[in-house]
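Asker: For reference, the sequence and a predicted model appear below.
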Amino acid sequence: MLRIVLATTRLEAMQAFVEALSSNPEVRLQHVTSGAEALEAVRISAPHLVIIDSGLANHEPLELVKKLLMVNAMMNTAVVSPLSEAEFHEASEGLGVLARLPGEPGESDATDLLGKLRMVLGVMG
């Protein structure tokens, strides 16, 4: 079972992505709407992955990644970002972010992300 936390206030914009994750029988998806809730979820349940949307109140995505890593240094994260791949790589260097997702991720983004997560966890699926 892959435990994934999705921190977003834009479920409608991410509907295809969320449905693709939720429809996978090996994924348990928890939705939170703030950085504080994401931090609490990591403290309580140590999910395999936290997906952080841009635009969360009171938290810039990469700052939240840093806070999550302070709670659990082995935390896998993915970030929804308007930056290009090169700009994102530069901004997130050293944080070990698993993936950058586009502003409105879709089904293929969910599939790719699950593949990357399985690879880093050493799980086949």
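Answerer: Done, it's in.

Asker: Next, the buried residues of the lengthiest helix in the chain.
Answerer: Taking DSSP state H as the criterion, the chain has its longest helix at helix 107-121. Of the residues in helix 107-121, 109, 110, 113, 114, 117 count as buried by neighbour count, 16 or more other CB atoms under 10 Å. C-betas here are computed from N, CA, C, even on glycine.

Asker: for the record, mean pLDDT for that helix?
Answerer: Taken as a whole, helix 107-121 has a mean pLDDT of 96.

Asker: confidence score at the closest residue to residue 101 other than its chain neighbours?
Answerer: Leaving aside its sequence neighbours, residue 101 sits nearest to residue 80 (CB to CB, 6 or more residues apart in numbering; 4.6 Å). Looking at residue 80, its pLDDT is 96.

Asker: do residue 125 as well
Answerer: If you check residue 125, the pLDDT there is 58.

Asker: swap in residue 55?
Answerer: Confidence at residue 55, expressed as pLDDT, is 84.

Asker: same deal with residue 75?
Answerer: pLDDT recorded at residue 75 is 92.

Asker: can you count the residues close to the closest residue to it other than its chain neighbours?
Answerer: Excluding the flanking residues, the one nearest residue 75 by CB to CB, 6+ apart is residue 68, at 5.0 Å. Residue 68 has 25 neighbours, counted by other CB atoms under 10 Å.

Asker: which element is residue 68 on?
Answerer: If you go by DSSP states H and E, residue 68 is part of helix 61-71.

Asker: For the residue most central in space within the chain, what are phi and psi?
Answerer: Taking CA atoms, centre = their mean, the centroid of the chain lies closest to residue 51, which sits 1.4 Å from it. Backbone torsions of residue 51, given as degrees, to the nearest 10, read phi -100, psi 120.

Asker: coming back round to it: for the buried residues of helix 107-121, which one is nearest residue 64?
Answerer: Sorting the buried residues of helix 107-121 by how near they are to residue 64, with CB to CB, puts residue 113 at the top with 17.5 Å.

Asker: Quick one: the strands in the protein, in order.
Answerer: Assigned by DSSP state E, the chain shows strands spanning 2-7, 27-32, 49-52, 76-80, 99-101.

Asker: Okay, buried residues for the second one please.
Answerer: What that stands for is strand 27-32. For strand 27-32, a neighbour-count test (16+ other CB under 10 Å) marks 27, 28, 29, 31, 32 as buried.
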